[in-house]
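>>> Sequence first, then the predicted structure, then my questions.
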Amino acid sequence: MTDGTPGAANSAAPILSRGSGSSFLGDVWRNFCRHRGGVIGLAVLLTIVALVVLGPYFYTVEVGQPNYRARNQGPSWDFPLGTDNLGRDLLAQLLTGGRTTLAVGISAMLLSLVIGTLVGVFSGYWRRLDGPLMRLTDLFLALPILPLLLVAVMLFRDTLRTAFGPETGVFILLVTVIGVTSWMHTARIVRGDVLALKRRDFITAAQAGGTRETTIVLQHLLPNVVSSIMVSATLGIATAIITESALSFLGLGFPSDYPTWGRLLFDGVNFIQITPTRVLWPGLAISLVVLSVNYVGDAIRDALDPRALGR
Amino acid sequence: MKMRRWITRFVVAGTALGAAAGPAFGERGSDGDLKILYWQAVSIMNPYLSSGTKDMHAASMVIEPLARFDETGNIVPTLVSEIPSLENGGISEDLTTITWRILPDLRWSDGTDFTAEDVVFTWQYCTAPDGGCAQRSQFTDVAAVEAVDPLTVRVTFSVPKPYPFGPFVGMSSPIIQKAQFESCVGARAPECTEANFGPHGTGPFKVRELRANDVVLFDANQYYRDPAKPAFATATLKGGGDATSAARAVLESGEFDYGWNLMIEPEVLATMEQAGRGTLVSSFGSLVERIVINWTNPDPALGSLRSTREGGEHPFLSDPAVRRALSMAIDRDLLVDIGFGEAGQATCNIVPAPEINRSTGNDDWCLTADIEGANALLDEAGWVPGPDGIRAKDGVRLSMLYQTSTNSVRQSMQAIIKDMWSAIGVDAELRDVSSSVFFGGDPGSPDTFQKFFADVEMYANNFDGTDAESYLAEWTCALIPSPETGWRGQNIPRYCNPEYDALVAKLGETAEEQPRAEIVKQLNDMLTADGAHIPLVHRGDLSGHVNTLAGVRMNSWDSQLWNVADWYRTE
């Protein structure tokens, strides 16, 4: 007995780690790799994130510093991507702007994910909440985001500005508004999944066994809807980035000298004939991120598909 | 059914052809539709309830003053037979009355007769208590307006008026019809939507439909006094978009015949003009791009007392040294070079024209940038740079909110000026507000330039006509915008100086041209020296029209559409 227990533990450990850790994630990774678009998307996305995060440490040109002798320049050694009409370096702005844009995208996505999952699980699992919560979802779906943002800017801008400073204040405002207006699709998808799962035998078994409802939700339901959540997360980033760009494009959002990709695009539009690169690069960056995130999301969904995992 | 439609179409085409066959500008309505693009959309057609330039321009197509200014700044008769003067007896010897003789047989667009009673009513309308008339300053010192007979109007002033062409001259005081507005006097004025949106007028066009903040549709006025005009049968005044898309629509694609205020980067404009479809027209009036300094405290914590005199002085802009240093740090020539090109000149005046009024009083310290001088001034005043390079005194940092309207040139200027100010240890946070909101004058919005919930703001303004008296009167204490006046009033900096008020009063009593010009210069110098604002650039008005539109006489002294009756199509 004293001999057998450690042995059993020893032999069980590798099986356990292979069974639920390495093997599951390994399977997912292998399936993911089979999706060529997903792999390319991931590579592009990681490159962009690395550039944006690490870039400003290596490329140390001061952002937004006008240089009146070098206006409307094309690409050169001094200015790898050229300059704008005030002689500000485009590459430096693009790298710094990317940080804001990605940060807004990811934070807004997280917020909408949390709200969406909560609403989805609650309305799917507790029948009494279903009606009110889904009507609320419909209500939010019907809300137009731009007028809502205008109102939000009017109501909260000055308060947030005094409390957190202009950039952080607008950041919080944008993330909140984008998050609060984009959780509805996640909620609907999660609700659908939960409704289907709820009738499955293992849930009935857990309920019959007297498991507490919170435990059922956390341990049995959520792990099974995680693939849908992941997919809507990736799509959420794309939506959030596009919304932020649209808002900057409309002149709402961050101060005009605070670069984001949307703002760079907005400022560059007038100059499309003179220095086309001013529109090209931010536009390309936005498109690449959105596209690659979509492909990665696609690949993750395929990879997490139980039928594909079984193969 | 189809057949009939075809026939109708032929008939219509035939009529159109018949019309087109006539002389190029000999017939009313022969040139089809005139498409005008104002990227600030029109919200009302009654200039007495709006101080927006776009509204006044749109209204000038429909309702007209007794006389207006031509492109050289001369007063020309519109609804009268001649301009009153001392020589022809229209102005009395003691300078207190002016008598206008109205043209005979004038008709309103509803067919009724235009009489002196309408002129009298216009005065009553604008001066009615609680009316909130936006053009109240045009009627300063008017004691009475009387109809001597149906075609003669006499304006009596309470003081001798050496320049009596305030009331009923220029686009800001057109005549409105008594019959239509009779029940809209005083507090009821804003409620008369139908009248405010579609006033009956004497102008070449009449309103068919106004969709607020979108488009105004006009038809030629069949009762217009010149039977051959206007050459266009209809007109469409579309609003919205921005200056760039407007420039493109006129200069590159030719979708619109006339585009107003094409303020975009000179290099971009030059590229567009190369397309060869349109022409830029410019003229210099009295338009000055300026930074207005808030003398009151815009702190949100003050609640309803924000940016009012009751809310107290500004924490650091109340210091004259700071105001002067801000002005000295700016290199105006660079601003002209980057933002305006041909259509701008560096200036330190708020009254830059006409020539007789142009002062050089502040040019020595203000016109050329002097960073060292500005730094020395701030050092002397006790503003010490902190660890982040921003100056501070007693815990107050020189950090400002700098707002303007959304416009790519203005954002470039903001960035440049922020850079210049950083050289003297002043930090600026930039904000841009959509033009339609910023200039919209909606008392419900916190972002209008009148409310001025910021430390400094930048925009351009001018005066209509050539006499600066009523314009300079805008900086008197009485015209400070506040919640009580619905934020109307043009003293945006909240400048209040009894000495200045006294001098404005003196200007009102001075008759001869030369001494008047001297006082105008003094007032102008006082404003710049005290730092009510920082004048930046004397701007030309820049608009564009397609090459097939003729007759445009670009006017900076009145509405740009002042002679729209004379516009016609060429091939």
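Sure, I can see it.
>>> what residues does the stretch 101-250 of chain A put near chain B?
A:Met154, A:Asp158, A:Thr159, A:Arg161, A:Thr162, A:Pro166, A:Leu250 (CB under 8 Å from any CB of the partner chain). (Glycine included, C-beta is placed from N, CA and C.)
>>> just checking, the third one is part of a strand?
No - assignment of A:Thr159 by DSSP: H, G, I helix; E, B strand; the rest coil gives helix, placing it outside any strand.
>>> what's the most distant pair in the residues of the stretch 101-250 of chain A next to chain B?
A:Thr162 and A:Leu250 (24.1 Å; CB to CB).
>>> in the stretch 1-150 of chain B, what residue is nearest chain A?
B:Trp39 (13.5 Å; CB to the nearest CB).
>>> Tell me who's in contact with that residue.
B:Gly239, B:Gly240, B:Gly241, B:Asp242, B:Ala243, B:Ser245, B:Ala246, B:Gly259, B:Trp260, B:Asn261, B:Ser435 (CB atoms under 8 Å, 6 or more residues apart in numbering or on different chains).
>>> Can you list which of those are found in helices?
If you go by DSSP state H, the contacts of B:Trp39 have B:Ala243, B:Ser245, B:Ala246, B:Ser435 in helices.
>>> Least confident of those?
For those, the least confident position by pLDDT is B:Ser435, scoring 81.
>>> before we move on, back to that, chain A next: which of the ones in helices among the contacts of B:Trp39 are close?
Of the ones in helices among the contacts of B:Trp39, not one also sits near chain A (CB under 8 Å from any CB).
>>> And these, which of them are buried?
B:Ala243, B:Ser245, B:Ala246, B:Ser435 (16 or more other CB atoms under 10 Å in any protein chain shown).
>>> re earlier: would you mind measuring from the residue of the stretch 1-150 of chain B closest to chain A to A:Gly268?
19 Å (CB to CB, to the nearest Å).
>>> With B:Ser283 instead?
From B:Ser283 across to A:Gly268, the span is 31 Å (CB to CB).
>>> Same drill for the two, tell me which one is more crowded.
Between B:Ser283 and A:Gly268, counted using other CB atoms under 10 Å in any protein chain shown, A:Gly268 has the larger neighbour count: 23 against 19.
>>> Tell me the backbone dihedrals of the more buried one, please.
phi -80, psi -20 (degrees, to the nearest 10).
>>> Also B:Arg488?
Dihedral angles for B:Arg488 - degrees, to the nearest 10 - are phi -90, psi 170.
>>> That one against B:Pro481, yeah?
Yes - assessed by CB atoms under 8 Å, B:Arg488 is found in contact with B:Pro481 at 6.3 Å.
>>> re the thing from before, would you point out the most distant pair within the ones in helices among the contacts of B:Trp39?
Maximum distance among the ones in helices among the contacts of B:Trp39 (CB to CB): 12.8 Å, for B:Ser245 and B:Ser435.
>>> picking up where we left off before, so which of the residues of the stretch 101-250 of chain A next to chain B is the closest to B:Gly278?
A:Leu250 (26.9 Å).
>>> picking up where we left off before, list residues touching both of B:Arg488 and B:Pro481?
Contacts common to B:Arg488 and B:Pro481, judged by CB under 8 Å, 6+ apart, are B:Gln450.
>>> tell me which residues in stretch B:532-540 are buried?
Quick answer for stretch B:532-540 (16+ other CB under 10 Å): B:Ala532, B:His533, B:Ile534, B:Pro535, B:Leu536, B:Val537, B:His538, B:Arg539, B:Gly540.
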